[in-house]
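Student: Here is the input, now give the coordinates:
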Amino acid sequence: MNMGGGQDWDTVVIRKKKPTTAQLKDESAVNAARRAGVGIETVKKDERVSTELKKQITAARTAKKLTQAQLGQLINEKPQIIQDYESGKAIPNPQVLSKLSRVLGVTLRKNPTPAAK
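Tutor: Numbering: from 1, shown residues only. The predicted structure is shown next:
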């Protein structure tokens, strides 16, 4: 009872999935790539809100007796953005800084210069 061979002799190729970007950034993966001699691209992390700027925003907001939510509403941004700026987690955005400057009535700069002595 031969039914046309019944067996498939084609070659089957099994491949591993490509590593995700999170796995590629893993410290052990980076070290393994260094040992293998693969070129590694390093990128400087973006700068965060400076301590002076955080204090400036918080002081100006409290002087106007505004909450973070109220200030966010006045500049048409989410309250989370104000919270991120005041906690130093945000990356300074010139547009947001100009909105904050306008509403708070103070001059805010991305990198404030230290006071001259």
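Student: Distance-wise, check residue 75 relative to residue 7.
Tutor: Using CB to CB, to the nearest Å, we find residue 75 at a distance of 71 Å from residue 7. Where you see a C-beta, it was placed from the backbone N, CA and C, and this is true even at glycine.
Student: which stretches of the protein aren't confidently modelled?
Tutor: Residue ranges of the chain with pLDDT under 70: 1-5, 23-25, 40-46, 111-117.
Student: again, only this time at 50
Tutor: Applying pLDDT under 50 to the chain flags residues 116-117.
Student: And the helices in it, which stretches?
Tutor: Under the criterion DSSP state H, the chain carries helices at the ranges 21-25, 27-36, 51-63, 68-74, 79-87, 94-104.
Student: For residue 15, which of the ones you listed is the nearest?
Tutor: Smallest distance to residue 15 across the helices of the chain (CB to CB): 15.9 Å, for helix 21-25.
Student: how much space between the residue lying closest to residue 100 once chain neighbours are set aside and residue 80?
Tutor: Excluding the flanking residues, the one nearest residue 100 by CB to CB, 6 or more residues apart in numbering is residue 108, at 5.6 Å. Relative to residue 80, residue 108 is positioned 18 Å away (CB to CB).
Student: Right, I'll call it a day here.
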